[in-house]
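Enquirer: Quick one, fold the following:
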Amino acid sequence: MDLSLMLLLGAIIFILVMVLFRATQIADKSVPKEGAKVDDKISSRAAESLSAMIKYPTLSEDAKVPDDSQLNRSDSFERMISYIRSRYPKIFRILTVEDIEGNLLLHWSGSDYNKDPMLFCANMDVVSSEGNWEHPPYSGVIAENKVWGRGAIEAKGVLCALLEATELLLREGFRPKRDIYVAIVRDAESKNNGARILSEALNRRTNRFAAVFGRGSCISRDLLPLDRAQAIIGVAEKGTMKMKLSAKERGGSISSPPRYSAIGRLSEAICRLEFRPQSIRKSEVMRKMIEAFSPYMPFRLRVYAANLWLFEGKLLKALQNYEGFSSMLRTTFAVTQTHSGGKEKLMPSTAEATVYARLISGDSCSDIFSFLEDLLGPTGVSIDVELAEEASAISNYSGEEYRRLKDTLQEVFGGIIIAPGILSEDTSLSPFKHNADAVYRITPFVLTEAEKATIRSVNERLDVETLGRGVYFYKQLISSM
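Expert: Numbers count the residues shown, from 1 in each chain. Alright, predicted model coming up:
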């Protein structure tokens, strides 16, 4: 055999061996630790509290009210706040509580005034509840060891867990070393003015927060095909653009239709938008996330992850098959509303669609607008930007507060995989980013992707034990901070 061919073959075999060796070396062989034991009494009491909260239909301003409903939004919020005051007497006796235009700001005074304070965020409002539910969406039924109803997970589940943990610590006589604030907003699902109002109020009384904690992604059992649950701490969240696409054409009778219709032009624009997804935006956060997941991946994916210098493209292509994860890696577009025509036999002269873009860090609003102009220009559709918010800054994921958050997650939930990430969800925390050195977003409930899909959909429910573990998480996090 020719020497050069032998050398080439030897080099190929060497590379192949090294590639496989690296994949076996990074494999995690440890036995998953079990999470902390949670007292059943904590879970039972929290379930009763959450059930009661769900019974107050605190719908957001833009949520659809059922036609047969006599719902008074304002009254629902007032009654829920009244319930919270009675359910958590120590919070409202020991903490300083302010009602600022229907939003609650709680202040828990610490013993060391030299330490920067912490801020925990939650909200009271929920989205609409259309569809056929197994149990009425505002009944708060506890069945099959689950609490059913709109807001069971988001956001009343989070609010309930946070308040239960705070009340429990107060009953135990705990006092934090640093000041702790709790912001409870009433319109996070719509205008989010409450967050801005509370943010301005906080600016007048404290310089900076060491960290802000709020809802984010739930801990997933099956976001990726790994053998452990996966917790992604949102160290940043995507930006948001709301755009109106408009097409105009000659309307008129169906007997003499124009060559192009307004509906046709708009349809082509939407198809172009969906056919041309944005490229994955590579970043240090993305690589840290993959690094955390790689020891637990199936062997083929682990080979890719252990040898990114050779297989990064293949790995990213494979990860795109997992919808929930893929959306964290790129800017996405979603068409949420269309409007055109009002009569069956009359062609409309206009057609409109509402499009939301969620921008990954690294993509600017101007970049995306330019992309859409080039992509949709040939269709003759106009683009009007109604909202443009850039992606948030990336919080430090190597500092003390992040480490304490990570340690608490490990303690409470056992052998889960924890990684920093850029969240696709709108967590409504953007008004508070100016108050803090770091903003961390996570919802402390372990759910399957199917269970997560009930958020903002039908049959939202939360397991009682899962809720109790969320209470214990906040209790331990506040204690550790």
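Enquirer: From now on I want contacts and neighbour counts done on CA atoms only, so please keep to that.
Expert: OK.
Enquirer: who touches the closest residue to Lys115 other than its chain neighbours in this structure?
Expert: Nearest non-adjacent residue to Lys115, counting by CA to CA, 6 or more residues apart in numbering: Arg178, 5.5 Å away. Contact criterion CA atoms under 8 Å, 6 or more residues apart in numbering gives Ser109, Gly110, Ser111, Asp112, Tyr113, Asn114, Lys115, Asp116, Pro117, Met118, Met481 as the residues in contact with Arg178.
Enquirer: Against Asp116, how distant is the nearest residue to Asn396 once chain neighbours are set aside?
Expert: Take Asn396 and drop its neighbours on the chain: the residue closest to it by CA to CA, 6+ apart is Ala438, 6.4 Å away. Plainly put, Ala438 is 12 Å away from Asp116 if you go by CA to CA, to the nearest Å.
Enquirer: And those two? Which one has more around it.
Expert: Neighbour totals were compared for Ala438 and Asp116, and Ala438 leads with 24 against 17 (other CA atoms under 10 Å).
Enquirer: these two touch, right, the more buried one and Ser395?
Expert: Yes: with contacts counted by CA atoms under 8 Å, Ala438 reaches Ser395, the gap being 4.8 Å.
Enquirer: Overlap in contacts, those two.
Expert: When contacts are counted by CA under 8 Å, 6+ apart, Ala438 and Ser395 have Val235 as shared neighbours.
Enquirer: Determine the longest helix present in the chain.
Expert: Of all the segments assigned as helix in the chain under DSSP state H, the longest by residue count is helix 3-26.
Enquirer: Could you identify the helix or strand that succeeds that one?
Expert: The first helix or strand that comes after helix 3-26 along the chain, using DSSP states H and E, is helix 40-54.
Enquirer: in the very next helix or strand once past that next one, what's buried?
Expert: Scanning forward in sequence from helix 40-54, with DSSP H and E defining helices and strands, the next element found is helix 73-87. Neighbour-count burial for helix 73-87, with 16 or more other CA atoms under 10 Å as criterion, is recorded at Arg73, Ser76, Phe77, Met80, Ile81, Ile84, Arg87.
Enquirer: what do you get for stretch 106-126?
Expert: When burial is assessed from 16+ other CA under 10 Å, stretch 106-126 yields the following buried residues: 106-109, 116-126.
Enquirer: Just flag the most distant two among those residues.
Expert: The two members of those with the most space between them (CA to CA) are Asp116 and Val126, at 31.7 Å.
Enquirer: pretty sure Asp222 is touching Glu449, no?
Expert: Yes: taking CA under 8 Å as the definition, Asp222 is a contact partner of Glu449 at 6.2 Å.
Enquirer: what about the closest residue to Glu274 other than its chain neighbours, how many neighbours?
Expert: In space, Glu274 comes closest to Phe333 once its chain neighbours are excluded; the distance is 7.6 Å by CA to CA, 6+ apart. Number of residues near Phe333 (other CA under 10 Å) recorded here: 21.
Enquirer: Can you report phi and psi for Phe333?
Expert: phi -120, psi 140 (degrees, to the nearest 10).
Enquirer: distance of it from Ala353?
Expert: Between Phe333 and Ala353 the distance, using CA to CA, works out to 12 Å.
Enquirer: And the helix or strand of the chain with the lowest mean pLDDT, what does it pack against?
Expert: Each helix and strand of the chain was given a mean pLDDT (mean pLDDT, DSSP states H and E); the minimum falls on helix 3-26 at a mean of 80. Contact partners of helix 3-26 among helices and strands, from 3 or more CA pairs under 8 Å, 6 or more residues apart in numbering; DSSP states H and E: helix 299-306.
Enquirer: Show residues contacting the helix it packs on.
Expert: In this structure, residues lying in contact with helix 299-306 by CA under 8 Å, 6+ apart are 19-20, 22-23, 26-27, 290-291, 294-296, 310-312, 314-315, 318.
Enquirer: got the buried residues for it?
Expert: Along helix 299-306, these residues count as buried under the neighbour rule (16+ other CA under 10 Å): Leu301, Arg302, Val303, Tyr304, Ala305, Ala306.
Enquirer: Endpoint to endpoint, stretch 420-430 covers what distance?
Expert: Taking CA to CA as the measure, stretch 420-430 stretches 18 Å from start to finish.
Enquirer: So that it lines up with my notes, have the first residue be 40 from now on.
Expert: Fine by me, first position is 40 from now on; the one you just mentioned is stretch 459-469.
Enquirer: tell me the average confidence for that stretch?
Expert: For stretch 459-469, the mean pLDDT works out to 88.
Enquirer: Give me the distance from it to the chain's centre.
Expert: Here the centre of mass of C-alpha atoms in stretch 459-469, compared against the chain's by CA atoms, centre = their mean, to the nearest Å, lies 5 Å away.
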